[in-house]
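S.K.: Sequence first, then the predicted structure:
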Amino acid sequence: MTEHCCQMMKQNAELVCGEHPDRFDCPDCLIHYSASRNAYGIIIHDGGSTFVSISYCPWCGQRLSDECADANTRMIDL
Ligand SMILES: [Zn+2]
Ligand SMILES: [Zn+2]
């Protein structure tokens, strides 16, 4: 089971409603999580399966992906 950064992310990434078996058809599904790429994205409801990848959680602000973190590497050195 995947560990998400916070409860809001967990709810939104795992939400599947009864009416829309395809999450990209569901207006209540905000976040797409790709386990294979370990990437998160905001679902664009344009009738296809488009999503915009995000680097930070919109709720708690945690960094989600290290793939495109080069620019931030020096800033975030905790
Ligand atoms: Zn979060
Ligand atoms: Zn739905």
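M.R.: Everything's here; your move. Residues are numbered from 1 along each chain as shown. Ligands and ions are numbered 1, 2, ... in the order given.
S.K.: what residues does this structure put near ligand 1?
M.R.: By the rule CB under 5 Å from the ion, the part of the chain lying against ligand 1 is C5, C6, M9, C57, W59, C60. Quick note: C-beta positions are derived from backbone N, CA and C, even for glycine.
S.K.: could you redo the last one with a cut-off of 8 Å?
M.R.: H4, C5, C6, M8, M9, C57, P58, W59, C60, G61, Q62, L64 (CB under 8 Å from the ion).
S.K.: Who are the contact partners of the third one?
M.R.: Applying CB atoms under 8 Å, 6 or more residues apart in numbering, one finds that C6 lies in contact with C57, W59, C60, Q62.
S.K.: how many other residues sit next to the second one?
M.R.: When you say that, I think you mean W59. By the criterion of other CB atoms under 10 Å, W59 has 14 neighbours.
S.K.: Mind checking which of the residues of the chain next to ligand 1 are buried?
M.R.: By neighbour count, with 16 or more other CB atoms under 10 Å, the residues of the chain next to ligand 1 hold H4, C5, M9, C57, L64 as buried.
S.K.: Correct me if wrong: H32 contacts V52.
M.R.: No: assessed by CB atoms under 8 Å, H32 is found out of contact with V52, at 9.4 Å.
S.K.: Name the residue in those two with the higher neighbour count.
M.R.: Just comparing H32 and V52: by other CB under 10 Å the higher neighbour count belongs to H32, 21 against 10.
S.K.: State the three-state secondary structure for that one.
M.R.: Secondary structure assignment for H32 (DSSP: H, G, I helix; E, B strand; the rest coil): strand.
S.K.: tell me the pLDDT at it?
M.R.: What the model reports as pLDDT for H32 is 95.
S.K.: Spit out the contact partners of it.
M.R.: A13, R23, F24, Y40, G41, I42, I43, F51.
S.K.: for N12, helix, strand, or coil?
M.R.: helix.
S.K.: Thank you kindly, that will do.
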